[in-house]
Each structure stands twice: as structure tokens, then as C-alpha cells.
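Participant: next come a sequence and a model predicted from it.
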Amino acid sequence: TGIDYLTGTSDALNTEYILDMMLAANPDIKTVGLLYSNSEANSTTPIAEAKAYLKEKKIDIVEKTGNTSGEIVEAVSSMVGRVDAVFTPTDNTVMAAEVTVAETLNEAGIPHYTGADSFVAAGAFATCGVNYTELGTYTADMAMDILLGGAVPEFHVMDGGIITVNTETAAILGIDYSAFSSMANTVVEGSTMISTAVIMSALELGCIYALVALALFLSFRILNIADMTTDGAFTLGCAVSATIAVAGHPLLALPAAMIAGACAGFITAFLQTKLKIPSILAGIITNTGLYTVNLAVMGFSSNVSMVKADTMFSLVKPYLGSFYKLIPAAVLTVAVGILLTLFLKTRLGLSIRATGDNPDMVRASSINTAFTVTVGLCLSNAMTALSGAVLAQYQKTADINLGTGMVIIGLASLIIGETLMPRGKTWMKALGAILGSILYRFIIAIALRLDLPSECLKLISAVIVALAIGLPAIKSAVRPATKGGKA
């Protein structure tokens with residue numbers, strides 16, 4: 001470390017070790033692709049190490065980068081036919097698109113070596129990581145040496161002791177990975193089938209996106225307003241959350257995002273109620289303006305990385321173990337659902353519900369419908385922004401395109417929930433929205449495991465929404481006409 005009294009252990013990625021695995025599996029490799037995001041600081045050192053190693057071995061390099069999932073997918077597609085293998089370090093942007101990346105590379109017969117076993121669970125070929133039991137033991141031994149002997153041991157980087165291989169990918173690629181057995185203490189074989197990790201991810205994302213479903217439950221079902229601000233408000237929540245979290249205040253980022261979302265909802269309501277702009281057009285206008293606002297919040301950058309910043313999840317990780325993401329997301333979503341249900345039972349909440357049912361009657365009762373619409377849209381967009389804020393901290397990055405199509409995803413979740421709970425009190429409908437969001441994430445996970453191209457998922461969501469909303473008209477069209485007796 002350069003400081004006499006400072007020492008410790010590290011689980012830093014051993015890039016050369018993983019590249020050695022690559023050559024052990026295929027000694028005839030001529031060209032290696034390097035796939036990563038140049039906006040992530042944690043990719044800088046491993047990529048530099050990989051370049052030096054490959055140059056020494058006289059292996060050609062094809063380097064491709066991207067800052068969004070879409071750009072990563074395009075980048076990996078451009079590698080097909082040009083490389084013999086691909087290496088990616090522990091890169092969050094690539095991980096977000098790994099299912100599609102793995103699908104593309106596997107179809108092309110190209111193995112993907114990565115920096116973490118989460119990539120392998122999503123379809124990558126292999127990785128190598130530290131045995132954390134050995135790491136803990138070594139660290140404890142160092143501490144005992146200091147306590148008993150007084151001497152400070154050298155800083156130690158643990159060698160990779162566990163190689164993880166996706167057996168399904170190995171079978172697709174036709175790779176014999178028996179050489180790995182002599183390189184590590186343990187070779188773990190896994191697959192991409194529905195696993196505990198997939199279930200946990202679906203539950204976590206389902207709870208996070210459920211906040212959008214609750215928001216649309218309020219605006220679309222209660223107020224009867226098709227609010228198109230959703231996409232922009234979601235990204236606004238991501239941008240505010242990431243910016244404040246990077247500044248060192250991850251918990252403060254949540255209410256700040258909600259306030260920002262409420263402001264977006266207020267603008268939409270103002271356009272609708274004061275300037276008499278139709279609700280859909282008012283939402284589109286606000287959503288368009290939010291694109292520039294969101295860029296400004298992120299310092300006019302298309303993305304913000306939180307790799308080195310604390311998040312609401314990292315703060316509770318020491319106390320919640322492997323459930324450190326699921327429990328906070330679930331508790332927050334359930335709390336918002338309960339508060340929304342209780343609010344809709346108040347005098348103001350009942351006025352908002354009445355405004356959606358019959359605005360003319362509400363105006364006749366001397367209730368200011370402009371006020372109830374404004375409150376409803378502010379609350380709705382505050383919940384949408386909160387969802388974006390939590391997602392940004394969940395994946396430790398914010399991107400200007402994260403909110404694209406969010407209104408369709410939210411509506412799909414809401415409609416699935418209404419199918420689960422078609423009738424009932426307000427709390428049952430709110431619960432249905434949450435369950436619908438979770439079920440939607442499971443549907444997406446299963447679709448991806450069935451090799452459905454990820455590019456088709458939003459089309460499927462749009463079809464689900466269109467069919468569900470148009471179902472009454474479809475039934476009327478196919479029902480035999482019956483006038484004055486039998487048809």
C-alpha cells in the first residue's frame with residue numbers, strides 16, 4: 001500500500017487469470033474482443049491489463065464500447081465474425097444487457113469470458129472469482145500475526161480460486177472446459193435456467209416497477225387521465241437520485257426525486273387545467289421538455305455512474321445479507337401502497353376519486369376539479385420518479401433512456417394486476433397493481449430464458465396493453481347480435 005502500518009486483502013479481478021482460461025480452452029485464438037462501458041471506472045484497469053496481456057501474446061484486439069444497453073447490444077453485434085472470444089470485466093452496463101449479449105455471442109459460436117458469476121448466470125461462458133472463505137481466513141490470519149507478533153504483513157491480493165462455467169453455454173459452443181480443473185481449486189457448473197438469482201431479480205425489479213403501476217393506478221384508473229409524463233418523470237427520478245447519491249446522500253435522493261417528479265406532474269396539470277390543453281398532449285409536451293431537464297440534472301451527460309457511491313442498498317447490506325436489495329424495495333413499495341390506499345379514503349382522496357368518476361358532478365358540488373387533478377398528477381408522478389430513483393440506485397447507474405416505454409410497462413403490470421384482482425376494495429386493487437408488476441417481471445424473465453429476443457419485449461407489452469384495453473370492444477364485435485329475442 002505504500003504505508004507501513006496499512007495492510008489488508010483484496011478480491012480484485014485477476015484479468016490475466018481469466019485470459020489464461022481463454023487460451024487454455026482454445027490455444028488457437030487469434031483475435032479477442034473487449035466489450036465494456038467507457039463510462040464505468042471499474043472497467044478501466046482490467047481493460048488496460050487485458051490490452052497489455054494480449055499485446056504481449058501477439059493476439060489482435062477488437063475493442064467495442066457503449067454507454068447504454070442498446071449501444072452494448074449494437075457493439076457486440078458488430079463483433080460477430082471478427083473475434084474468436086470476448087472479454088468483459090465487472091461492468092454494470094454490459095451486465096444489464098448480458099442476456100442479449102450472451103444470446104448474440106452463443107449463436108455466433110463465440111465464448112464470453114467475464115468478471116463476475118452473475119454474467120455466467122445470464123448466459124456468458126465462464127469467469128473466475130475469489131474463494132471468500134479462503135479470503136476471510138487469510139485476512140484473519142493477518143490480523144492474528146499483527147496482534148501476536150506486531151509485524152504488519154504485506155497487502156495481499158487473493159488469486160482466483162473458483163471458476164464458474166455455464167454448462168448450457170458450453171454445450172451450445174461445443175467447448176471442452178476440462179482444462180479448467182487444473183487451474184482452480186473449484187469448478188462450479190451452472191446454467192441459465194430459472195434459478196434463485198433469477199427469482200430474486202424478478203422480485204426485486206417487480207417491487208421497484210410496482211411504484212409505476214401504482215402511479216398509473218392513480219392517474220389512469222382513479223383520475224381517468226392518460227398521463228404521458230410517465231417516461232420523462234421516471235428518468236427524472238433516476239437522474240436526481242444518481243446525482244444526489246454521487247454527492248454522498250443516497251437516502252436524501254429519494255424524497256428529492258419525489259419532489260422533482262411532483263413538479264413534473266404539476267406542469268402537466270397546469271397545462272391541462274389552466275391552459276386547457278388536452279391531457280394526452282399536455283403529458284407529451286412535459287415529457288418532451290423533461291428530456292433536456294434530465295440531461296441538465298446529469299450535468300449534460302447521457303449517463304451517471306454510481307459505482308463508487310453508496311446507495312440505499314449498500315447501506316443496509318451488512319444487516320440484510322443476500323436480501324439487501326429485495327427487503328428495502330419490498331418494504332418501500334408496500335409502504336407506498338398502504339399510504340396511497342389510506343390517502344384515497346380521506347376527504348381529498350374521495351374528491352379525487354369523484355373527479356375521475358364524474359367531474360361535472362364534482363364541479364356542481366363546489367369542488368375545485370383543477371385542484372384535485374393537480375394533486376392527483378403530482379402524487380402520481382412523484383411515485384413514478386421514486387421508482388426511477390430506486391432503480392438507479394439498484395443498478396448503480398442512470399441513463400437518459402431508462403424511462404423509454406415506461407408507461408407501457410406500467411400499464412401492462414396494472415392490467416395484469418386487474419386480471420388477478422378484477423373486483424374489490426381500493427386496497428385490493430393497489431395490491432393487484434403490485435402483484436401484477438411482479439408477475440410481469442417473471443413473464444419477462446421466462447421469455448428471455450426461452451430465447452425470445454429482448455428487442456421484442458416492449459412490443460409484447462404493447463400488445464398486452466392494447467388487447468386488455470380493447471377487450472370490451474372485441475367482445476362486442478364477436479358477440480352475436482340479439483334483437484328482440486333469439487338471434
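Facilitator: In hand now; what should we look at?
Participant: buried ones in the host helix or strand of A430?
Facilitator: Applying DSSP states H and E as the criterion places A430 in helix 426-449. Neighbour-count burial for helix 426-449, counted by 16 or more other C-beta atoms under 10 Å, picks out 426, 429-445, 448-449. C-beta: built from backbone N, CA, C; applies to glycine.
Participant: do you know how far L147 is from E154?
Facilitator: 17 Å (C-beta to C-beta, to the nearest Å).
Participant: just checking, next helix/strand downstream of the one helix or strand I163 maps to?
Facilitator: Using DSSP H and E, I163 sits within strand 162-166. Later in the chain than strand 162-166, the nearest helix or strand by DSSP H and E is helix 167-173.
Participant: go through that next one and flag the buried ones.
Facilitator: For helix 167-173, burial by neighbour count (16+ other C-beta under 10 Å) applies to E168, T169, A170, I172, L173.
Participant: and the pLDDT at the closest residue to S201 other than its chain neighbours?
Facilitator: Closest residue to S201 apart from its sequence neighbours, by C-beta to C-beta, 6 or more residues apart in numbering: A445 at 7.2 Å. At A445, the pLDDT value in this model is 73.
Participant: same check, this time on V101
Facilitator: We have a pLDDT of 89 for V101.
Participant: burial count for it?
Facilitator: Neighbourhood size, V101 [other C-beta atoms under 10 Å]: 29.
Participant: quick one: the longest helix along the chain to helix 426-449, angle?
Facilitator: Ranked by residue count and defined by DSSP state H, the top helix of the chain is helix 369-395. Following axes from the mean of the first three to the mean of the last three C-alpha atoms, to 10 degrees, one obtains 40 degrees for the angle between helix 369-395 and helix 426-449.
Participant: just checking, V32 is part of a strand?
Facilitator: Yes: counting by DSSP: H, G, I helix; E, B strand; the rest coil, V32 is part of a strand.
Participant: so G232 is in which element?
Facilitator: In this assignment (DSSP H and E), G232 forms part of helix 230-246.
Participant: packing partners of that helix?
Facilitator: Counting contacts by 3 or more C-beta pairs under 8 Å, 6 or more residues apart in numbering; DSSP states H and E, helix 230-246 packs against helix 196-216, helix 253-273, helix 279-297, strand 303-305, helix 369-395, strand 397-399, helix 406-420.
Participant: quick one, which of these gets closest to I244.
Facilitator: Evaluated with C-beta to C-beta, these place helix 253-273 nearest to I244, the distance being 3.8 Å.
Participant: just the buried positions in that closest one, please.
Facilitator: Under the neighbour-count criterion of 16+ other C-beta under 10 Å, helix 253-273 has 253-254, 256-258, 260-273 buried.
Participant: just to revisit the earlier point, partners of the strand holding I163, with directions?
Facilitator: According to DSSP bridges, strand 162-166 forms sheet pairs with strand 126-129 (antiparallel), strand 186-190 (parallel).
Participant: out of these, point me to the one whose mean pLDDT is lowest.
Facilitator: strand 186-190 (a mean of 57).
Participant: output the lowest mean pLDDT helix or strand found in this structure.
Facilitator: When each helix and strand of the chain is scored by mean pLDDT, DSSP states H and E, strand 186-190 comes last, with a mean of 57.
Participant: who's in contact with the residue nearest to A170 when sequence neighbours are not counted?
Facilitator: Counting by C-beta to C-beta, 6+ apart, A170 lies nearest to Y177, which is 5.8 Å off, once chain neighbours are set aside. Listed by C-beta atoms under 8 Å, 6 or more residues apart in numbering, the contact set of Y177 reads A25, A126, V165, A170, V187.
Participant: next, the first one: phi, psi?
Facilitator: When read as degrees, to the nearest 10, the backbone of A25 gives phi -80, psi -30.
Participant: how close does it get to M183?
Facilitator: Taking C-beta to C-beta, one finds A25 at 10 Å from M183.
Participant: the two - which one has more neighbours?
Facilitator: Shown here are A25 and M183; by other C-beta under 10 Å, A25 has more neighbours (22 against 16).
Participant: do you know the pLDDT at that one?
Facilitator: We have a pLDDT of 91 for A25.
Participant: so what's it up against?
Facilitator: A25 neighbours (C-beta under 8 Å, 6+ apart): P111, A126, I175, D176, Y177, A179, F180.
Participant: among the residues you listed, which ones are buried?
Facilitator: Buried by 16+ other C-beta under 10 Å: P111, A126, I175, Y177, F180, out of the contacts of A25.
Participant: spatially, what comes nearest to the first one if we skip its sequence neighbours?
Facilitator: In space, P111 comes closest to F125 once its chain neighbours are excluded; the distance is 4.0 Å by C-beta to C-beta, 6+ apart.
Participant: that neighbour touches I163, doesn't it?
Facilitator: No: the pair F125 / I163 is not scored as a contact, 10.9 Å apart, by C-beta atoms under 8 Å.
Participant: neighbour count for these two, which is higher?
Facilitator: Neighbours per residue (other C-beta under 10 Å) separate F125 from I163, with F125 holding more: 29 against 24.
Participant: dump the contacts of A25 into a markdown table; add secondary structure as well.
Facilitator: Below are the contacts of A25 laid out as a markdown table (three-state DSSP):
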| residue | secondary structure |
| --- | --- |
| P111 | coil |
| A126 | strand |
| I175 | coil |
| D176 | coil |
| Y177 | coil |
| A179 | helix |
| F180 | helix |
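Participant: just put those residues in JSON lines and tack on distance to E98.
Facilitator: Below are these laid out as JSON lines (distance: C-beta to C-beta, whole Å):
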{"residue": "P111", "distance to E98": "14"}
{"residue": "A126", "distance to E98": "13"}
{"residue": "I175", "distance to E98": "18"}
{"residue": "D176", "distance to E98": "24"}
{"residue": "Y177", "distance to E98": "19"}
{"residue": "A179", "distance to E98": "24"}
{"residue": "F180", "distance to E98": "21"}
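Participant: where does L35 sit: helix, strand or coil?
Facilitator: Using three-state DSSP, the structure places L35 in strand.
Participant: thinking again about what came up before, residues contacting the residue nearest to P111?
Facilitator: Under the criterion of C-beta under 8 Å, 6+ apart, the neighbours of F125 are P111, H112, Y113, V165, N166, T169, A170, L173, I175.
Participant: do you know how far it is from N106?
Facilitator: The gap separating F125 from N106 is 8 Å, by C-beta to C-beta.
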